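Participant: Fold the following.
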Amino acid sequence: MYPEFTEEQKMLRETIKNFAEKEVAPLAYEIDRDERFPKESFKKLGDLGVLGITAPVEYGGAGAGYTEMCIIGEELAVVCCSTAATWGDHTDLCIDNIRRNANEEQKKKYLPPLCDGSKIGGLAMTEPGAGSDVLGSMRLRADRKGDYYILNGTKTFITNGPVGDVFVVYAKTDMGKGPHGVSAFIVEKEFPGFSRGKQFEKMGWRGSPTGELIFEDCKVPAENLMGKENEGARILMSGLNTERTSLAALSLGISRGAYEFSLKYAKERVQFGKPIASFQLIQSKLVDMAMEIELSRLITYKCAAMADKGLVEEMNLMASYAKLYTAGVGMRITTEAVQILGGYGYLKEFPVERMMRDAKLQQIGGGTDEIQRLIIARELLQD
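Facilitator: Model (predicted):
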């Protein structure tokens, strides 16, 4: 089931790897320290043509698939998960969502500036009182008034929230229907009644800005309804499996980055007269790390191949396997990398400290570990 990359995919991987090492890695410490959006990298990713990797060519995208999306996410996360997360939210949760669900006029209007990077995109789903029960507990409401929907409420933990220009926003259009009363809208930052709340100071993903979005009688043109009214649950669910696959690719990248750095360190660091890589306890750690990275790669790209074959709805079990397993691997490997470096691993001067902080969110965002286990159990127990 492990797909061999095509020559084009291999070239893409080398291109992004070189770009990440030359353009992204030198900024990783700074954007983490300052909690700032990596605008330099983002603009150059637009110039490379990979912001709209799955968007059709006629809208400025690359017309590629989810395997290519995972390749890019993995290689960026090897050196900087913040940049990978910012890119992923823009590319997967915003652009790919619009590609799948928007009408022709919406695609013509929003995809080109999102694909070239002149506008930054995001997804607004989570609310202060709604975490894992995001649909049932949603309180942001949208009331139809003539040619507009009037939105009132707050979204929180929104990646790219402090810097975004265009957001896919989920809101309740029928408060009495629970999860079946949710609709999806494309909202611009210039719409009257839209504002930003506070930007959060986070443990990890610090270079990927996260904050609140506030809607106070926010006027959204009715033409910006994506899909049909009360169809938001279907739209949201249509992207969960590919989101979890792309998050698995980020976890894989974090794991690789921590492993590769600690392997190099273990070969160079001398104690008791010889490199610590010659010690069996260190070798045991490196073996486990390498093995779990290979298993993470297999399951991640199996999911990507399934998505590229159009088996998105059949991916529930596999996508949750991938999300749960790779996130756990990322946490284990980054922790062991810090251990291998010892005191140096605890210093911000070395990247494994940042990688360990970044890895933790992989077990929370996109559906917590606990939610993935519930999904897996439900799938296993079905006839």
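
Participant: CA only for contacts and neighbour counts going forward, please
Facilitator: OK.

Participant: Glu216 versus the closest residue in space to Arg141 that isn't next to it in sequence, what's the distance?
Facilitator: Distances taken as C-alpha to C-alpha, 6 or more residues apart in numbering place Lys172 nearest to Arg141, at 4.5 Å, with adjacent residues excluded. Per C-alpha to C-alpha, to the nearest Å, Lys172 is found 15 Å from Glu216.

Participant: Dihedrals phi and psi, the residue of the chain most remote from its centre?
Facilitator: Relative to the centre of the chain, the most outlying C-alpha is that of Gly273, 43.7 Å out, by C-alpha atoms, centre = their mean. As for Gly273, its main-chain torsions (degrees, to the nearest 10) stand at phi 90, psi 0.

Participant: how about it, what does it touch?
Facilitator: If a contact means C-alpha atoms under 8 Å, 6 or more residues apart in numbering, then Gly273 has no contacts.

Participant: got it, and Ile340?
Facilitator: 262, 266, 282.

Participant: next one: Asp34
Facilitator: 206-207.

Participant: how close does it sit to Asp47?
Facilitator: 25 Å.

Participant: Same check on Gly310?
Facilitator: In terms of C-alpha to C-alpha, Gly310 sits 29 Å off from Asp47.

Participant: So what touches stretch 354-368?
Facilitator: Contacts for stretch 354-368 (C-alpha under 8 Å, 6+ apart): 32, 81-82, 132, 203-205, 240, 243-244, 247, 251, 254, 257-258, 324, 327-328, 330-331, 334-335, 338, 348, 369.

Participant: Show me the residues you listed that map onto helices.
Facilitator: 32, 81-82, 240, 243-244, 247, 251, 254, 257-258, 324, 327-328, 330-331, 334-335, 338, 369 (DSSP state H).

Participant: can you give me the strands for this protein?
Facilitator: 121-124, 141-145, 148-159, 166-172, 182-188, 194-199, 210-221, 225-226, 270-271, 274-275 (DSSP state E).

Participant: Determine the number of other residues adjacent to the residue nearest to Arg141.
Facilitator: Lys172 is flanked by 28 other residues according to other C-alpha atoms under 10 Å.

Participant: pretty sure it is touching Phe185, no?
Facilitator: No - contact criterion C-alpha atoms under 8 Å: Lys172 and Phe185 do not qualify, at 10.6 Å.

Participant: before we move on, the earlier item: I'd like to know which of the strands of the chain lies nearest to Ile293.
Facilitator: strand 274-275 (23.4 Å; C-alpha to C-alpha).

Participant: So what's the gap between that closest one and the chain middle?
Facilitator: 39 Å (C-alpha atoms, centre = their mean, to the nearest Å).

Participant: Could you pull up the mean pLDDT of it?
Facilitator: Across strand 274-275, the average pLDDT comes to 97.

Participant: Stretch 195-211 now?
Facilitator: Per-residue scores along stretch 195-211 average to 96.

Participant: One more: stretch 240-248?
Facilitator: On average, stretch 240-248 scores 96.

Participant: Need the residues that contact the worst-scoring helix or strand of the chain on mean pLDDT.
Facilitator: Here the helix or strand of the chain ranked lowest by mean pLDDT, DSSP states H and E is helix 232-238, holding a mean of 91. For helix 232-238, the external contacting residues (C-alpha under 8 Å, 6+ apart) are 97, 101, 135, 170, 179-184, 227, 312-313.

Participant: What residues sit buried inside it?
Facilitator: Neighbour counts over helix 232-238 (16 or more other C-alpha atoms under 10 Å) mark 232-236, 238 as buried.

Participant: Quick check: the two most widely separated of those?
Facilitator: Across the buried residues of helix 232-238 (C-alpha to C-alpha), the longest gap, 9.8 Å, separates Gly232 and Ser238.

Participant: pLDDT weak spots in the stretch 101-250 of the chain?
Facilitator: The stretch 101-250 of the chain contains no residues with pLDDT under 70.

Participant: If we use 80, what do you get?
Facilitator: For the stretch 101-250 of the chain, the stretches with pLDDT under 80 are 130-133, 136.

Participant: Equivalent analysis for the stretch 251-383 of the chain, please.
Facilitator: 383.

Participant: Can you go through the contacts of helix 232-238 and name the buried ones?
Facilitator: The buried subset of those (16+ other C-alpha under 10 Å) comprises 97, 101, 135, 170, 179-184, 227, 312.

Participant: Take those residues and lay them out in TSV including distance to Glu40.
Facilitator: Shown next, in TSV, are the buried ones among the contacts of helix 232-238 (distance: C-alpha to C-alpha, whole Å):
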residue	distance to Glu40
Asn97	25
Asn101	30
Leu135	36
Tyr170	30
Pro179	39
His180	41
Gly181	40
Val182	36
Ser183	34
Ala184	31
Gly227	34
Val312	34
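
Participant: Name the surrounding residues that touch stretch 322-339.
Facilitator: 244-245, 247-248, 251-252, 254-255, 258-259, 261-262, 285, 289, 292-293, 296, 299-300, 303, 344-346, 352-353, 355-356, 359-360, 362-363, 369, 372-373.

Participant: next one: that stretch to chain centre, how far?
Facilitator: Using C-alpha atoms, centre = their mean, the offset of stretch 322-339 from its chain centre is 17 Å.

Participant: what's the answer for stretch 158-174, then?
Facilitator: That offset, for stretch 158-174, works out to 15 Å (C-alpha atoms, centre = their mean).

Participant: One more: stretch 269-276?
Facilitator: 39 Å.

Participant: same deal with stretch 173-180?
Facilitator: So, by C-alpha atoms, centre = their mean, the centroid of stretch 173-180 is 28 Å from its chain's centroid.

Participant: Export it to PDB, keeping only CA atoms.
Facilitator: The C-alpha trace of stretch 173-180 is given here as PDB (Å, rounded to 0.1, in the frame of the first residue of the first chain):
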ATOM      1  CA  THR A 173     -28.600  29.400  10.700                       C
ATOM      2  CA  ASP A 174     -31.200  27.300  12.600                       C
ATOM      3  CA  MET A 175     -30.600  27.200  16.300                       C
ATOM      4  CA  GLY A 176     -33.300  24.500  16.700                       C
ATOM      5  CA  LYS A 177     -31.700  21.900  14.500                       C
ATOM      6  CA  GLY A 178     -28.400  21.400  16.400                       C
ATOM      7  CA  PRO A 179     -25.600  20.100  14.200                       C
ATOM      8  CA  HIS A 180     -28.000  20.100  11.200                       C
END
